[in-house]
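Asker: Task: produce atomic coordinates for the following.
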Amino acid sequence: MIQFETLSVGDRCRFIRQQIPETVKIIAVTKTVPVSAMREAYQAGIRDFGESRVQEAIAKQSELEDYDDIQWHLIGHLQRNKARKAVQHFDWIHSVDSLKIAQALNQAAKEIGNTPRACLQVKMLPDPNKYGWEPDALLNDLPTLDQCAHLNLCGLMAIPPLGLSSNEALDYFTKVSELLDTIQSTPLAHIRLEEISMGMSSDYSLAVKAGATMIRPGRILFGERVY
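Answerer: Next comes the predicted model:
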């Protein structure tokens with residue numbers, strides 16, 4: 001068994017890349033990760049970085065301006081007053097977790113003329129520690145979301161509750177894929193959902209098995225975080 005703590009960041013990135021299909025995008029989660037480690041990941045082929053805080057991401061973007069092909073992903077909960085900055089500074093917003101946030105982002109995108117791709121955050125089980133729509137609530141809100149013509153909604157994002165067994169996690173991820181199928185069969189004018197963002201360091205292989213098109217590993221690439 002590979003001892004990840006003995007591997008460099010670059011070797012860890014290359015290992016994960018070999019474990020999953022080329023069609024699955026690796027979003028390296030870099031909250032609190034130093035720019036030096038991000039440069040190592042970049043040299044190993046990573047081009048997508050996920051940040052939880054808008055201000056931290058903006059600071060890192062300025063330090064990594066020499067890498068002009070990075071895609072920046074916002075994966076943390078977004079407050080409405082940060083919607084404009086999120087639209088300005090991110091290529092992807094994974095954490096569109098309520099109708100109010102979607103409408104705020106839509107308005108900011110209309111005003112700025114910049115349209116990041118976005119995922120609707122869902123939770124397939126009740127979980128007070130997670131943001132997002134439960135399935136029935138999302139289906140009810142789809143007609144209103146479809147009116148957000150300036151917001152490029154193109155996928156679902158999910159984070160399972162803590163403490164699930166492997167079988168339970170796989171079932172959770174499978175339900176996300178089934179929800180995507182349901183939405184794809186719903187007549188909508190603007191929403192075209194194709195992506196599924198799910199799976200982190202401990203469960204990315206299960207997420208890929210269930211249909212993830214993007215995974216969000218962090219600890220397995222960069223080690224334990226120092227907060």
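Asker: any low-confidence regions in the chain?
Answerer: Scanning the chain for pLDDT under 70 picks out 1-3, 226-227.
Asker: how near is residue 55 to residue 62?
Answerer: Using Cβ to Cβ, to the nearest Å, one gets 11 Å for the distance from residue 55 to residue 62. The way it works is simple: take the backbone N, C-alpha and C, and place the C-beta from them, glycine included.
Asker: just residue 216 next, same as before
Answerer: Residue 216 is 23 Å from residue 62, where distance means Cβ to Cβ.
Asker: These two - which one has more neighbours?
Answerer: Taking residue 216 and residue 62 together and counting by other Cβ atoms under 10 Å, residue 216 has the greater number of neighbours (24 against 9).
Asker: Contacts for the longest helix along the chain, please.
Answerer: Counting residues, the longest helix in the chain under DSSP state H turns out to be helix 166-184. If you take Cβ atoms under 8 Å, 6 or more residues apart in numbering as the criterion, helix 166-184 is touched by 122, 124-125, 135, 138-139, 142, 155-156, 158, 160-161, 164, 191, 193, 196, 198-199, 203, 206-207, 209-212.
Asker: Just the buried residues of whichever helix or strand comes after that helix, please?
Answerer: With elements assigned by DSSP states H and E, the helix or strand that comes after helix 166-184 is strand 195-197. Residues 195-197 are the ones in strand 195-197 that count as buried (16 or more other Cβ atoms under 10 Å).
Asker: name the helices or strands packed onto the first helix or strand past strand 195-197 going along the chain?
Answerer: Using DSSP H and E, the helix or strand that follows strand 195-197 towards the C-terminus is helix 204-210. With contacts taken as 3 or more Cβ pairs under 8 Å, 6 or more residues apart in numbering; DSSP states H and E, helix 204-210 sits against helix 166-184, strand 214-215.
Asker: Could you export the longest helix of the chain as PDB, CA atoms only?
Answerer: The C-alpha trace of helix 166-184 is given here as PDB (Å, rounded to 0.1, in the frame of the first residue of the first chain):
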ATOM      1  CA  SER A 166     -18.800   2.800   1.800                       C
ATOM      2  CA  ASN A 167     -22.100   1.300   0.700                       C
ATOM      3  CA  GLU A 168     -24.100   4.200   2.100                       C
ATOM      4  CA  ALA A 169     -21.800   6.700   0.400                       C
ATOM      5  CA  LEU A 170     -22.100   4.900  -2.900                       C
ATOM      6  CA  ASP A 171     -25.900   4.900  -2.500                       C
ATOM      7  CA  TYR A 172     -25.800   8.700  -1.700                       C
ATOM      8  CA  PHE A 173     -23.700   9.400  -4.800                       C
ATOM      9  CA  THR A 174     -25.900   7.200  -7.000                       C
ATOM     10  CA  LYS A 175     -29.000   9.200  -5.800                       C
ATOM     11  CA  VAL A 176     -27.300  12.400  -7.000                       C
ATOM     12  CA  SER A 177     -26.800  10.900 -10.400                       C
ATOM     13  CA  GLU A 178     -30.400   9.800 -10.500                       C
ATOM     14  CA  LEU A 179     -31.500  13.300  -9.600                       C
ATOM     15  CA  LEU A 180     -29.500  14.700 -12.500                       C
ATOM     16  CA  ASP A 181     -31.200  12.200 -14.800                       C
ATOM     17  CA  THR A 182     -34.600  13.500 -13.600                       C
ATOM     18  CA  ILE A 183     -33.600  17.100 -14.100                       C
ATOM     19  CA  GLN A 184     -32.300  16.300 -17.600                       C
END
